[in-house]
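Chemist: what shape does this take:
(chains A, B, C, D, E, F, G and H, ligands or ions: 10)
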Amino acid sequence: MYYDIILSGFGGQGILLTGDLLASAAMLEDKHVTWMPSYGVEMRGGAASCTVVVSSTRIGSPISEKIQGLISMSKPSLLKYQGRIRSGGLLVLNTSFADPDLVEREDITKICLPASEIAYQEVGEYKMANMVVLGAFAAHSGVVSLEKLEEAAEVLLTGRKKKLVPVVKKALNCGGSYKKYVRAVQPVKG
Amino acid sequence: MYYDIILSGFGGQGILLTGDLLASAAMLEDKHVTWMPSYGVEMRGGAASCTVVVSSTRIGSPISEKIQGLISMSKPSLLKYQGRIRSGGLLVLNTSFADPDLVEREDITKICLPASEIAYQEVGEYKMANMVVLGAFAAHSGVVSLEKLEEAAEVLLTGRKKKLVPVVKKALNCGGSYKKYVRAVQPVKG
Amino acid sequence: MLQGCVALAEGAIAAGCRYYFGYPITPQNDIPEYLSGRLPQVGGVFIQAESEIASINMLLGASAAGARAMTSSSGPGISLMQEGLSYMAGSELPGLVVNITRIGPGLGGIASSQGDYWQATRGGGHGDYRLIVLAPNSVQEMYDLTIKAFYLSDKYRNPAMILADAILGQMKEPVRLKKPPVEIPHKPWALTGASGRKAQIIKSLYLGDGEMEEHNWHLYEKYEQLQRRDTLVEIDVDDNADILLISFGSCSRMVQSAVGMARSRGLKVGFVRPITLFPFPHDTIRELSREVGRVLTVEMNTGQMWDDVRLSLHPGCRASLLARPGGGIPSPAQILSKMEKLLKAGDKVAEGIC
Amino acid sequence: MLQGCVALAEGAIAAGCRYYFGYPITPQNDIPEYLSGRLPQVGGVFIQAESEIASINMLLGASAAGARAMTSSSGPGISLMQEGLSYMAGSELPGLVVNITRIGPGLGGIASSQGDYWQATRGGGHGDYRLIVLAPNSVQEMYDLTIKAFYLSDKYRNPAMILADAILGQMKEPVRLKKPPVEIPHKPWALTGASGRKAQIIKSLYLGDGEMEEHNWHLYEKYEQLQRRDTLVEIDVDDNADILLISFGSCSRMVQSAVGMARSRGLKVGFVRPITLFPFPHDTIRELSREVGRVLTVEMNTGQMWDDVRLSLHPGCRASLLARPGGGIPSPAQILSKMEKLLKAGDKVAEGIC
Amino acid sequence: MQKVFARPQSMLETTSHFCPGCHHGTVHRLLCEAIDHYGIRENTVGVPGVGCGVFLYDYIDIDVCEAPHGRAPAVATGMKRVAPENFIFTYQGDGDLGAIGFSEVVHTANRGENITVIFVNNSVYGMTGGQMAPTTLLGQRTTTSPRGRDLRNDGYPLRMTEMLAALEGVVFAARVSLHTAAHVKKARKAVMKAFHTQLEGTGFSFIEFISACPTNWNLSSQESVNRIEKEIIPYYKTGIFKEKDGGG
Amino acid sequence: MQKVFARPQSMLETTSHFCPGCHHGTVHRLLCEAIDHYGIRENTVGVPGVGCGVFLYDYIDIDVCEAPHGRAPAVATGMKRVAPENFIFTYQGDGDLGAIGFSEVVHTANRGENITVIFVNNSVYGMTGGQMAPTTLLGQRTTTSPRGRDLRNDGYPLRMTEMLAALEGVVFAARVSLHTAAHVKKARKAVMKAFHTQLEGTGFSFIEFISACPTNWNLSSQESVNRIEKEIIPYYKTGIFKEKDGGG
Amino acid sequence: MSKIVIKEEICKGCRYCMLACPRELIHINEDTINNLGYNPAHYVENQQSPCTGCALCAEICPDVLIEVYRDKKR
Amino acid sequence: MSKIVIKEEICKGCRYCMLACPRELIHINEDTINNLGYNPAHYVENQQSPCTGCALCAEICPDVLIEVYRDKKR
Ligand SMILES: Cc1ncc(C[n+]2csc(CCOP(=O)(O)OP(=O)(O)O)c2C)c(N)n1
Ligand SMILES: Cc1ncc(C[n+]2csc(CCOP(=O)(O)OP(=O)(O)O)c2C)c(N)n1
Ligand code: SF4
Ligand code: SF4
Ligand code: SF4
Ligand code: SF4
Ligand code: SF4
Ligand code: SF4
Ligand SMILES: [Mg+2]
Ligand SMILES: [Mg+2]
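Modeler: Ligands and ions are numbered 1, 2, ... in the order given. Okay, the predicted model is just below:
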């Protein structure tokens, strides 16, 4: 198998960590993985994104022109990356920060959910929106299992961050049951 | 014609100027010329030397392994350069600073004269030894004429140095009549 | 899973390096940031120098004292180190310099680029010298080749450089940390104080007649030895391959993807990756280019390794270049399509023939 | 009769250069020493900078303001200028940098050497750029090529370098000063204050998507143009020559002596001297090497121009190298004997065949 | 109603790339005000060093020349010597001026070059992500001093204004802050004086701006303002340190 | 009869390359005396910069590492951090330390590196043939200031000892002269103190030696001595400028 | 009555103006996110304690987003 | 009586010792040129005004060429 995905949003939304978690979980499933952040002169404040590639064989390029999946947590990132999703690919959109009407693609599967609100309601933390979205992505795509994501969270979140593990797990699982919340899961048309 | 010569001695003896005068005079005779000083980390105080090449055709290398002429004004310079004179070549030695017994070469023409004393006696200036030696070289070798050397002196010595011109001319001519003073003109043996 | 810069830093520590001197510059700040925390934990010293010039000269001093030490920087900072690098090579001092490149020339940008190939391999400083240049293409190699670089640098008493870029520095991949037993060779030439032996000098200026020429030939001989003994190259060539792709560093990852795509379409292709850029694997490439007969070099610059490839090629071999400078990244699809075009053209089209 | 350094300084003044910024280093001190007296006489400015880094950046500033300006240095100092040179090339700023070389690497010595060939022609700084490099071989050319260097530098908006050595800098020869009419081109890009026009920027960092790649190809295109239009070379080849000698700078003087000696012995020889080292006269050498079939390159380093010669040679041409680094000077006799050995060996001995 | 405060004319209408609460914007504005005040927009050239202030040209409507990191004073020297009639200022951060470019600024000051140096001291390397700067306070945690700046390993925070004021060639030197409106007003006066100095041809003028980098300080705006008041100004005293004839 | 004055043990028996009347030789001797006094020949490393003093290794029987021009303090920093138990000094001229290496010496001093910097100020670039140095006096003619150093073009002579003494990291800083036997004796005391400072591990120590370069001054020895007394010392005052605890 | 106008679309929500206003007329709107991704500052007229046009808010705004209109009568 | 010994062969004739000696016991020998090319300094005993062994000459010699022997009796 081979799967490439971009995770994107504003700085401060935990985008890079989300990608890290995804890659780490895939690694625990004995996959080859790469995690590649994009960054620039405007690292501060501005946009944040990373590309994760998961594959059962050795990975060449860690970046991709066309991607199978996109997680988007902001309006600018949606506008910037939606065009790169392959036909038939998957978009997971946090509608708390981007109006689903902005999605122009008709040939992809769309999961649009107000992840920030969900996170706030379910685990009491707006900031866990990234985990909600990741859970939804995992559940829908099957690229990694929710169990491995939980395992990876335990590995990654250590020290002062250790106390976040339960919250993270909860948020992931909320995402896993995304269908409960989803404004729209729009499968590929035509 | 093609002639290469090294002029050498201590710093402060006017070696570089002497070479300059020789080259300038040759230039006035429409020859191709090059003047190349040797210099080093130890420019100060220590040794001074330059190579002058005079030729009727375009000059390639401005330095020479083997030379036709050597003017030496110090013991170290004599020891350093005498081995580079071609068989049949010419050495003009200022014996005021180097014992003629130190000359090891038998296959060259040697003009050994106490140029400093001569300069002092004839023009009142020890420092004119270089011009005495140059005059002797010119007269013997015929590479340039004494007249052109005088002309070159007028061209080169300007500004504050202009007043030296008559002394220089006198010293050159003293050198020109080197046979008067010479301890030994030893032509090539065997 | 580690970031490339962190893997490199851990490689340095595994190699026994305990001294880091450097000045911030993107995209390599993860190295000093990581080491500023890590080195004191292992009894090492981290100094943020006031400039790259101070950095390279602190490295020179630490190396002269016999330690394994390093600095890291990017384009503009590496340019400022050229005098120091020339001195280190001239004084035969080992030491590691990491260049996580930027786009050049000038201030440039921090995207990935391979535009410092010439500077690294031809000696950007003055005089007849070379750096030992290693070009990783994975996070694992960021670790492994750092250890190797210290080893070669000490072996030949010559500074070594890791040449990588933002992709390799920023990317995370799984890494196996090997913790090899640290064997830092004895350095009798180090300046430790003239106790129980004659006073020693580390210098690059020899004043005796002919000494500098001799010294230059001595250095040259070391470089020839490197060439003979320590050239590293990755080779992955199909039997009866129709085309040979040559690429190094991050760019070679895109080429590897393209090779995979080509093979899945049934093409027979070869792939060669110089791991040491100096010494360059001239012989390997000469041999393979003779066998395969057609070469495509892919670089993220305007064609710098292209010089070395052309100096290696077997006469008559058809050679083409796909170059993308200034942060442009040749995608696997672009590489594949170039490959296919060349194969289709057969003997007719002769782009960049050498 | 003028000294090489003085002729060069007079060439700069003849070219309309009125600004000199530099830091002392042997063997080029005659340039600043002379200009410190001369420039104020013609209304110019002489600043002894606190370092070579300050020098190159003062030059950058003066050039950005639209003036013809210069600096000069030698090996270690030129190495320190690499960042600034990369910025100038990236910002498309003209300006003259003179390198009267020393022996390297490191502190080295001040005797004649050509060990900075790679640094000059491959860009010792970071990124994909080139300097325009001119290599005089006489005092007259120290004057003439300085004027030419300013011309080309302005024409292409790229820094130019005069690469010479102690022999050329220290030697005196007769010189004809041509006092050409100074034509400094109009520089609408210069920063003179945004009066009557939009504000202008001089920079090397472009942030827009793909802009840096475009900028790099733009620079590349200039270098290709230089190659096509402004390559300079001296050719002196006998009909049916049996061997072609290639050499530049001071070393070519020794080769010229050797060629004279060979001819007086009745040999048929050719001589090619690249005057521009970048752009290198690849085509001329390819053509002549095809005709003559045997080449001997003579350099005062371990064989740096040798790369460019081999990249030019006609396939099958036999090529040898006579290299003397570290202040060693190949004497005319040594060159002649090497030539004779090669000719005697005929097709049998194949040293350094390419 | 009268518009009593608006964007200066020479300041371009655009959104800056600076982080929220970053004082670079305030410094830009003060420069624009002085440019407008003296009517010199058309013969001013700005020379930014490398740091968060490098994009000067995006914000001020004047000719701009990018300088290599730390070398702006040398670049400005070359420019000013060619065109003494132009107004030339450099714009440099504390890494740019206090670390890599230390020698250039001191020697330029010592030569008494008739230029103005604008120095933004935010006690970190902002652009590169918050590393220790020469001006970082003792104990301050940064990405390269994770245990806090330690005088034994890292030395002391450099006081650039004091060092420069001690040089003969310097005509005007001041340190100002921007964390309250009152301080901004004092800063404006200092900028006017520095500009005046150069316009009179008197010599080298220098202003250090204490500035916040909330992003790399990891502080909120309120905390940043407090830090400036309670920690920074006690070490980096504000005031005019040198004012020779002609300086205002 | 007792031998009361002889060549120090650690000083090699050889003729120096220095010009007649050059004070580099005197500085070398004082260093050797201190090395012998403290018995540290076997754990001392000297780091000469580039200048007439570069051949240190020909004259002092210790380990020596050549540093690039101006960079000796950085080289010494690297060495000292690796081997804090060794005695490390740099040996630098006024071009080396005051011009190209200005930043390195100031930042090394500011870090309080526990090394000793020996600074030979002869107000010209000796080795390269007498060009203007940062320390050249106003009006002084050199090969690159043929009309005399002009403050408007060339700036002011830098007083390094005063600048460095102002830094926190500096523990000992003195300026001494060598033109009379009495001054040489004072210089010896300063050298001993500076060495002591480092041996105690207290921090950065610095000595500036006013020295003659008769060759490039174009002066006789008598004239050189007079110049030091009448022109140089009035501008470059001798004395101990800083002496913290542990400095002697 | 004096007043100010804030360019809220490009405000970065740094709060400096809010901290500076002696009349507490500026608030950060936590419910709104502008296109830059920030909660912008918002000016709220207050008849009891009206804006004085003192311009302290404008002086402190690092992004120069505040225009101040002063009532001539004062 | 105290005395000094000068290594005249490698003296550079800088005259510092001559200028330093309070008893004027050191002279520059203008007639001799040593191998380095200099007129060396020369110590001349003087019974009337003998050397005191004060070592001022040695202290000032930049080439460290003077050894001083002091008479124990003094
Ligand atoms: C030669 C060189 N070294 C390092 C850098 C990387 N760099 C860019 S900006 C900067 C420092 C920024 O800090 P500062 O000058 O304090 O400005 P700020 O961003 O804080 O305003 C550095 C180190 C560079 N561009 N060039
Ligand atoms: C990078 C570099 N620039 C310039 C030089 C040339 N150089 C050698 S010594 C020297 C200065 C010597 O002056 P100073 O430091 O005062 O020492 P002195 O000889 O007067 O004792 C210079 C500029 C060099 N070796 N390296
Ligand atoms: S990083 Fe700091 S200095 Fe840079 S823009 Fe942000 S707040 Fe300002
Ligand atoms: S040139 Fe000056 S500093 Fe150098 S050795 Fe001679 S007198 Fe001493
Ligand atoms: S002008 Fe003064 S009163 Fe009005 S909003 Fe601004 S700070 Fe408040
Ligand atoms: S000061 Fe300016 S940027 Fe900050 S919150 Fe107020 S209006 Fe917005
Ligand atoms: S020891 Fe004193 S008295 Fe004796 S020669 Fe020397 S200076 Fe003169
Ligand atoms: S001081 Fe020394 S070198 Fe000078 S003249 Fe006296 S003995 Fe000779
Ligand atoms: Mg800063
Ligand atoms: Mg000096």
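
Chemist: which ones are touching the nearest residue to G:Cys61 once chain neighbours are set aside?
Modeler: Closest residue to G:Cys61 apart from its sequence neighbours, by C-beta to C-beta, 6 or more residues apart in numbering or on different chains: G:Cys17 at 5.3 Å. Just so you know, the C-beta spots here come from the backbone N, C-alpha and C atoms, and that holds for glycine as well. Counting by C-beta atoms under 8 Å, 6 or more residues apart in numbering or on different chains, G:Cys17 touches G:6, G:26, G:41, G:57-58, G:60-61, G:66.

Chemist: C:Arg263 too?
Modeler: C:Arg263 touches C:238, C:269, counting by C-beta under 8 Å, 6+ apart.

Chemist: does ligand 3 sit close to the helix or strand where the residue nearest to G:Cys61 lies?
Modeler: Assigned by DSSP states H and E, G:Cys17 belongs to helix G:16-20. No - using C-beta under 6 Å from any ligand atom, helix G:16-20 never reaches ligand 3; the gap is at least 12.5 Å.

Chemist: name the next helix or strand downstream of that helix, please.
Modeler: Per DSSP H and E, the first helix or strand lying C-terminal to helix G:16-20 is strand G:26-28.

Chemist: spatially, which residue comes closest to residue 39, not counting chain neighbours?
Modeler: Unless you meant another one, I'm taking chain A. C:Gln170 is the one closest to A:Tyr39 (C-beta to C-beta, 6+ apart), at 6.6 Å.

Chemist: let's do chain G instead
Modeler: Per C-beta to C-beta, 6+ apart, closest to G:Asn39 is G:Gly13, 4.5 Å.

Chemist: could you double-check that the one you found lies in contact with G:Ala41?
Modeler: Yes - when contacts are counted by C-beta atoms under 8 Å, G:Gly13 is listed as touching G:Ala41 (6.5 Å).

Chemist: out of those two, which sits in the more crowded spot?
Modeler: A count of neighbours by other C-beta atoms under 10 Å in any protein chain shown puts G:Ala41 above the other of G:Gly13 and G:Ala41, at 26 against 23.

Chemist: what about the more buried one, distance to ligand 6?
Modeler: 4 Å (C-beta to the nearest ligand atom, to the nearest Å).

Chemist: same check on A:Ser64?
Modeler: 37 Å.

Chemist: and that residue, which of the three is it?
Modeler: coil (DSSP: H, G, I helix; E, B strand; the rest coil).

Chemist: number of residues surrounding it?
Modeler: Per other C-beta under 10 Å, the neighbour tally for A:Ser64 reads 19.

Chemist: quick one: residues contacting it.
Modeler: A:4, A:6, A:51, A:53, A:84.

Chemist: nearest to chain B among those?
Modeler: Here the nearest of the contacts of A:Ser64 to chain B, counting by C-beta to the nearest C-beta, is A:Thr51; it sits at 57.5 Å.

Chemist: just give the number of residues close to C:His186.
Modeler: For C:His186, using other C-beta under 10 Å, the count is 9.

Chemist: where does it land on pLDDT?
Modeler: At C:His186, the predicted lDDT confidence score is 96.

Chemist: same deal with A:Val123?
Modeler: For A:Val123, pLDDT reads 93.

Chemist: over to it: give its phi and psi.
Modeler: phi -120, psi 0 (degrees, to the nearest 10).

Chemist: now do the strands in the chain.
Modeler: In the absence of a named chain, this looks at chain A. Along chain A, the stretches classed as strands by DSSP state E are A:2-10, A:32-38, A:47-55, A:67-72, A:85-94, A:109-113, A:184-186.

Chemist: try chain G instead
Modeler: Under DSSP E, chain G gives strands at G:3-6, G:26-28, G:41-43, G:66-70.

Chemist: let's have the ones you listed in JSON lines, adding distance to ligand 1 and mean pLDDT.
Modeler: Formatted as JSON lines, the strands of chain G follow (distance: least, C-beta to the nearest ligand atom, whole Å; pLDDT from 0 to 100):
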{"stretch": "strand G:3-6", "distance to ligand 1": "26", "mean pLDDT": "97"}
{"stretch": "strand G:26-28", "distance to ligand 1": "25", "mean pLDDT": "96"}
{"stretch": "strand G:41-43", "distance to ligand 1": "24", "mean pLDDT": "97"}
{"stretch": "strand G:66-70", "distance to ligand 1": "23", "mean pLDDT": "97"}
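
Chemist: can you put the ones you listed in a markdown table and add distance to C:Ala323?
Modeler: Converted to a markdown table, these look like this (distance: least, C-beta to C-beta, whole Å):
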| stretch | distance to C:Ala323 |
| --- | --- |
| strand G:3-6 | 50 |
| strand G:26-28 | 51 |
| strand G:41-43 | 49 |
| strand G:66-70 | 50 |
